[in-house]
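Q: Sequence isn't available, so here's the structure alone:
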Ligand code: SF4
């Protein structure tokens, strides 16, 4: 890895911000359906609630009360968000529950089309038409996340996710160990994780891994040894993590077998130890999105870990002055003390899944993060429209979610995005690329048009 510092000259805000994201998440839940491979031993759900969730999680309870009708789910969430005073112009749609890509194709297309239609306020004949309307609608989908399995990332499936407008994919990785995959009935191998990671990154997706310490047949030492691989081995290197220590949930197969296999969940102290070591291993280009699942206590057997563990671990690490590089802990939205007003651009280059990544950040001298961009020189351009292109996989400017056109006091809408894009174009050109592509949520296409990008296939592309 190499770092090159560039002085960043933008005039900057002095005031801290209290909110931490530029977009408003809107979660929709799939109708219950068993995964094709069977059931991973720790996974609840199945017949009446979607796999991997219980009927006590708030999003699932909402969806259950609406009979999993996606149009009603979007409408009801939109109404609630508006009532609560949240901005609803820039939406990140998050599809959860089961393995979406395994549902019948017509269900998948209608599900996604339904989300766009409700946000548009009008019905459409086709998904493409609904997306076109959404480009300039009041409620735009600027990002879309699909939870998926590593063995559901074929080229055809990746194209389909792009057709839907997805920009981020989270895959269940849990632990990089084929033996444990077999014993926990995961139904895929490490090789599937390697292939999925490469294809998803080459197609420009932002890639998240779900990691599960404390699985049966593992221990703290093994968890950490395998976790080191996630970043030491360039075949992996995800952009984001969700760390969910294994718990015994009432309806999961593990609940019936844990005594027989002599399994115990980690204690809070053990979870803290693993988490704290993991945090120290996470590089500056990776964000920990969440730690611990939101599963109510009454659904659990064995130790019910405290949901405030992340905060406790982070506070401890700060007290020890540990050198934590992870993104979330450095975001301006989570740092409300007096902010230093100097800014610079730092570029980290690293190899990743056979390609090369440039992680471009805008930070101050306390390493507080104001914006980032991920540029990739892919290993393979397997999608026609991406032939000969470098690809921008993410641009994120931190700060409070603002409505489109609204002027911000913090880093949103102050031109940080533009500076990051110009830098990505410059790096691509210097390295011989003649075209640059951006994976763009449908609702951000207009923004890129202002910078000379045009829609080609499902991407925004510019000659440079
Ligand atoms: S793949 Fe995910 S949703 Fe499917 S059974 Fe395993 S944990 Fe549950």
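A: Yep, it's here. Since the model is a prediction, treat every value here as computed from it, not as a measurement.

Q: need the contact list for residue 100.
A: Residue 100 is in contact with 30, 108, 111, 146, 147, 148, counting by Cβ atoms under 8 Å, 6 or more residues apart in numbering. In short, each C-beta sits where N, CA and C put it, glycine included.

Q: thinking the fifth one is in contact with residue 96, fair?
A: The reference is to residue 147. Yes - the criterion here is Cβ atoms under 8 Å, and residue 147 meets it with residue 96 at 5.7 Å.

Q: shared neighbours, those two?
A: residue 52.

Q: which SS class is residue 236?
A: When classified by DSSP: H, G, I helix; E, B strand; the rest coil, residue 236 comes out as coil.

Q: and it, how far is that from residue 155?
A: 20 Å (Cβ to Cβ, to the nearest Å).

Q: between the two, which one's more packed in?
A: Just comparing residue 236 and residue 155: by other Cβ atoms under 10 Å the higher neighbour count belongs to residue 236, 20 against 13.

Q: okay, now residue 432: neighbour count?
A: Residue 432: 9 neighbours (other Cβ under 10 Å).

Q: and it, what does it touch?
A: Counted by Cβ under 8 Å, 6+ apart, residue 432 has zero contacts.

Q: quick check, it in a helix?
A: No - read with three-state DSSP, residue 432 is coil and lies in no helix.

Q: and the gap between it and residue 360?
A: From residue 432 to residue 360 the distance is 19 Å (Cβ to Cβ).

Q: show me where the chain has helices.
A: Applying DSSP state H to the chain gives helices spanning 58-65, 70-83, 105-120, 127-134, 155-164, 178-183, 190-202, 220-232, 253-257, 268-281, 309-319, 327-330, 416-430, 445-449.

Q: nearest to the ligand, of those helices?
A: helix 253-257 (9.4 Å; Cβ to the nearest ligand atom).

Q: Can the closest one be said to contact the ligand?
A: No - counting by Cβ under 6 Å from any ligand atom, the ligand is not contacted by helix 253-257; separation bottoms out at 9.4 Å.

Q: same thing with stretch 40-57?
A: Yes - using Cβ under 6 Å from any ligand atom, stretch 40-57 comes into contact with the ligand via 40, 43, 51, 52.

Q: what about the first one, how many residues close to it?
A: Residue 40 has 22 neighbouring residues, counting by other Cβ under 10 Å.

Q: residues in contact with it?
A: 172, 184, 185, 186, 187.

Q: Repeat the analysis, applying 10 Å as the threshold.
A: 51-52, 149, 172, 174, 181, 184-187, 212, 215, 252-254 (Cβ atoms under 10 Å, 6 or more residues apart in numbering).

Q: And the second one, by the same measure?
A: In this structure, residue 43 makes contact with 34-35, 51-53, 98, 172, 184-186, 249, 251-254, judged by Cβ under 10 Å, 6+ apart.

Q: ok, back up a step: in JSON lines, list the helices of the chain along with distance to residue 142 and mean pLDDT.
A: Output for these, formatted as JSON lines (distance: least, Cβ to Cβ, whole Å; pLDDT from 0 to 100):
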{"stretch": "helix 58-65", "distance to residue 142": "20", "mean pLDDT": "92"}
{"stretch": "helix 70-83", "distance to residue 142": "14", "mean pLDDT": "96"}
{"stretch": "helix 105-120", "distance to residue 142": "11", "mean pLDDT": "98"}
{"stretch": "helix 127-134", "distance to residue 142": "10", "mean pLDDT": "98"}
{"stretch": "helix 155-164", "distance to residue 142": "14", "mean pLDDT": "97"}
{"stretch": "helix 178-183", "distance to residue 142": "35", "mean pLDDT": "98"}
{"stretch": "helix 190-202", "distance to residue 142": "19", "mean pLDDT": "98"}
{"stretch": "helix 220-232", "distance to residue 142": "28", "mean pLDDT": "98"}
{"stretch": "helix 253-257", "distance to residue 142": "38", "mean pLDDT": "95"}
{"stretch": "helix 268-281", "distance to residue 142": "29", "mean pLDDT": "96"}
{"stretch": "helix 309-319", "distance to residue 142": "26", "mean pLDDT": "92"}
{"stretch": "helix 327-330", "distance to residue 142": "19", "mean pLDDT": "93"}
{"stretch": "helix 416-430", "distance to residue 142": "12", "mean pLDDT": "95"}
{"stretch": "helix 445-449", "distance to residue 142": "9", "mean pLDDT": "92"}
